[in-house]
Every structure is written in C-alpha cells, then in structure tokens.
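In: have a look; sequence and predicted model below, questions after that.
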Amino acid sequence: MSSLIEACGAPFLGSTAHDEARDVDQSPRDRASRLLKDPKGYFADARSWAGKKAKADVQRELSEKKAQRTRLPLWSRLRLAAVH
C-alpha cells in the first residue's frame, strides 16, 4: 500500500507545512516506523493530502478552462478579420 501512496507522491508525515517540509528529510525507515506506530494517522494524512491535491487540480483545470473561454472570442475575431 505504501508503494501506491509513494507513487502518488503523498507525504508520509503530518499535514501541516512544517510537517511536510520535515518529510523530505525522513528516511524510508522512519516513514515505515511511523506507519507501524500509527497506521490510522498515517493513512488519514495520506487521504487528506490526496483530497487537497485533487481539489487543487480541479481548481487549476477550472481556471485554465476559464482562461480559454476568455481568450476564445479574441482568437475568433482575429480569425474572422484575417478571412475578410
């Protein structure tokens, strides 16, 4: 299961910015130790991270779509002007 979380890029410890910054320095042994000591907390943190990432991805996609909609009329006008 940890390889699945690792593949998704989920942090292994904590959900705060301080904890996430600390995660970068954690060895695989420390992460495994945390998993064995508190499996519910470990996976709760992973789910929380995944939810936040999914929400950020959706927001990014929506903003990209909005930007495309606002640019589209300009491109249409330029295309029409080039045809006439």
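Out: That came in fine, so what should we check first? Residues are numbered from 1 along each chain as shown.

In: pLDDT below threshold where in this structure?
Out: For the chain, the stretches flagged by pLDDT under 70 are 1-25, 72-84.

In: which helix is the longest one in this protein?
Out: Assignment by DSSP state H gives helix 39-83 as the longest helix of the chain.

In: which other helices and strands does it contact?
Out: Where contact means 3 or more C-beta pairs under 8 Å, 6 or more residues apart in numbering; DSSP states H and E, helix 39-83 is not packed against any helix or strand. Every residue, glycine included, has its C-beta placed from N, CA and C.

In: and Gln26, what element?
Out: Using DSSP states H and E, Gln26 maps to neither a helix nor a strand.

In: and for it, the neighbour number?
Out: Residues near Gln26, counting by other C-beta atoms under 10 Å, number 16.

In: now do the one 10 residues further on
Out: By the other C-beta under 10 Å criterion, the neighbourhood of Leu36 contains 9 residues.

In: same thing with the one 4 residues further on?
Out: The tally of other residues near Lys40 (other C-beta under 10 Å) stands at 7.

In: ok, now Arg69?
Out: For Arg69, using other C-beta under 10 Å, the count is 9.

In: ok, it to Lys52 distance?
Out: Distance, Arg69 to Lys52, by C-beta to C-beta, to the nearest Å: 26 Å.

In: repeat for Ser33
Out: In this structure, Ser33 lies at 24 Å from Lys52, with C-beta to C-beta as the measure.
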